[in-house]
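Student: predicted model and sequence follow; I will ask about them next.
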Amino acid sequence: MQIAFCAPAAPATGALAVTVTTDRTLGTRGQALDASTGGMLTRAMASSRFTGKKDEILTVLAPANLTNSRIVLVGLGKPEDVTDLTAQAAGGSLYAAVEKSGETTVALLVDEPETAGMTSSDFAVNFALGLRLRSYRFDRYKTKEKPDQKCSLEGCTVHCADPETTNACFKTLTPLTDGVALARDLVSEPANVATPWMIMQRCCDLGGLGLTVEVLDRNRMTELGMGALLGVAQGSAAAPYLVVMKYDGHPEGPAEPPVAFCGKGVTFDSGGISIKPSNGMEDMKWDMAGAAVVVGVMAVLAGRKAKVNAVGLIGLVENLPSGTAQRPGDIVRSLSGQTIEVLNTDAEGRLVLADVLSYAQERFKPKALIDLATLTGAIIVALGNEYAGLFSNDDDLADQLTASGKAVGETVWRFPLGDCYDKELNSDAADIKNIASSRDAGSIIGAQFLNRFINGVPWAHLDIAGVTWAKKDRSVVPKGGTGFGVRLLDRYVAANHEAA
Ligand code: BES
Ligand code: MN
Ligand code: ZN
């Protein structure tokens, strides 16, 4: 999908798009088009239910006196409510409205000097960002699509007053949209392709961006004593890896403590011996989304040369039952020295993360540590597919992540932590057990387990089980892998950790 910024003049062919605010208020470009078509846009709106609400679209086929093919009206809602996110959603909605329409190009005519209270340049950039995010496709395994099933749209031009500057501004977002696409790709790949080895290789390929990538294999992890992660891996023929991606961009140099991101990378979660029901088990190919988001955000930071030191660590394992699989009741020794009674082999993400979190803290002494994991089904019961669960031992960190999520449209909702929950994890046989005796507060229990491996560092855990996979299209996220977390963490770094 090509996106280009051009001078204001509308092209003579292809589809045109203009924005409309409530109630049926055309912007400057829409008014001009309406006048040149004898009031056709006004009539079309009057004879339809389109009033210019956010996410509303009205397509009008162009009249005889225009050489263009159609005019698409894009609703923005009330002008006083229009934000970056509104502009992004408008870009996504326009893309969805024309992608399979038969049109090959669409031109957005941006109002000057501003669009619903935003400068035309800000509007144009955010609009293009939404369009880019929505136009993501994962279709590499579809070999038999007929031409009329494929997307027809090849390009979008955004017509605004200062196309060069606007284009330069949009170009700075390329690492971000690439990072989101990378995370979505990894999440979407099936588990026979996105194996621990394959994801490790993809990380190594990122060396070219300026990341230092280091791989700990099974031998090294055995030497170090990562019994919790290795116990999960032992039922699969696929070798586990812990990948460390380091990026040093802080002007103070590599001595400045980094921000650390840790990801759960279970490439397939069958549940192990505590096997899951077969219905829906295919979803567990995306149980590595936490890792995918960490890879994506590290690529973004390096790609845009962020002025921050950051380190990403992902634990890559496959959770399968076999003759060598770990059993319910097994006791493993984690890197922290704490012993864990594994009462349910399906509560494996926390076992993997326990060792990754210990290693991250011990080795990097990060100033903040954020982990992402598709950790519990219970978070879907609580929050559905709208918010990710946030758990933190630090109010400032929690507030920063909440604000960043809100700003980019990847919202998070904080849950409590506390000793009253923590005590449910005391084991009769070991230092800790990996599940509580009841299913109550399952997501909090999962977070409390992780908390036992945190030693004083400001830490936050994002349970992304509900937001990682979209079952239906959303404004800037087509159905499938969402990449949820990449934009949030990029914003969090930009807003809180980057040197001026
Ligand atoms: N990967 C799952 C959590 C999950 C479930 C993610 C559904 C996405 C969709 C995790 O490893 C798991 O199996 N959790 C168990 C924990 C339980 C055994 C305490 C769960 O949620 O049932
Ligand atoms: Mn599981
Ligand atoms: Zn899992």
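Tutor: Nice, thanks for sending it over. Ligands and ions are numbered 1, 2, ... in the order given.

Student: contacts, neighbours, all on C-alpha from now
Tutor: Fine.

Student: and the residue lying closest to residue 6 once chain neighbours are set aside, what does it touch?
Tutor: Counting by C-alpha to C-alpha, 6 or more residues apart in numbering, residue 6 lies nearest to residue 159, which is 4.8 Å off, once chain neighbours are set aside. Contacts for residue 159 were tallied using C-alpha atoms under 8 Å, 6 or more residues apart in numbering; they are 5-10, 107-110.

Student: hang on, residue 163 packs against residue 7?
Tutor: Yes: counting by C-alpha atoms under 8 Å, residue 163 touches residue 7, with 6.0 Å between them.

Student: of the two, who's got more company?
Tutor: Using other C-alpha atoms under 10 Å as the criterion, residue 163 and residue 7 rank with residue 163 on top: 18 against 15.

Student: how much space between the more buried one and ligand 1?
Tutor: 43 Å (C-alpha to the nearest ligand atom, to the nearest Å).

Student: next one, pLDDT for that residue please.
Tutor: Model confidence at residue 163, given as pLDDT, is 97.

Student: would you enumerate the residues in contact with it?
Tutor: 5-7.

Student: now, which of those sits nearest ligand 1?
Tutor: Among these, residue 5 lies closest to ligand 1 (C-alpha to the nearest ligand atom), at 39.8 Å.

Student: which of the three states applies to the closest one?
Tutor: Here residue 5 takes the strand state, with states given by DSSP: H, G, I helix; E, B strand; the rest coil.

Student: so how far is residue 155 from residue 263?
Tutor: According to C-alpha to C-alpha, to the nearest Å, residue 263 stands 35 Å off from residue 155.

Student: which of these two has more neighbours?
Tutor: Between residue 263 and residue 155, counting by other C-alpha under 10 Å, residue 263 is the more crowded of the two (30 against 16).

Student: what are the bridge partners for that one, then?
Tutor: Beta-bridge partners recorded for residue 263 (DSSP bridges): residue 314, residue 372.

Student: contacts only, for the closest residue to ligand 2 within the chain.
Tutor: Residue of the chain nearest ligand 2, by C-alpha to the ion: residue 346 (3.5 Å). Residues counted as contacts of residue 346 (C-alpha under 8 Å, 6+ apart) are 269-276.

Student: tell me if it really is in a strand.
Tutor: No: counting by three-state DSSP, one finds residue 346 to be coil, located in no strand.

Student: just to revisit the earlier point, for the residue nearest to residue 6, give the beta-bridge partners.
Tutor: residue 6, residue 109.

Student: just the pLDDT for it.
Tutor: Reported pLDDT for residue 159: 98.

Student: one more: residue 149?
Tutor: Value for residue 149, per-residue pLDDT: 88.

Student: for the one 3 residues further on, same thing?
Tutor: According to the predicted model, the pLDDT of residue 152 comes to 97.

Student: you'd agree it is up against residue 96?
Tutor: No: with contact defined as C-alpha under 8 Å, residue 152 does not count as touching residue 96 (11.3 Å).

Student: more neighbours: the two, which one.
Tutor: Between residue 152 and residue 96, residue 96 has the larger neighbour count (other C-alpha under 10 Å), namely 22 against 16.

Student: would you mind listing what in the stretch 151-300 of the chain touches ligand 1?
Tutor: Proximity of the stretch 151-300 of the chain to ligand 1, by C-alpha under 6 Å from any ligand atom, involves residues 271, 287.

Student: just the strands in the stretch 151-300 of the chain please.
Tutor: 155-159, 212-216, 241-248, 259-269 (DSSP state E, counting those that start in this stretch).

Student: for these, which one sits closest to residue 281?
Tutor: For residue 281, the closest of the strands of the stretch 151-300 of the chain is strand 259-269, at 8.0 Å, according to C-alpha to C-alpha.

Student: which regions of the stretch 351-500 of the chain sit below the pLDDT cut-off?
Tutor: Under the criterion pLDDT under 70, no range of the stretch 351-500 of the chain is flagged.
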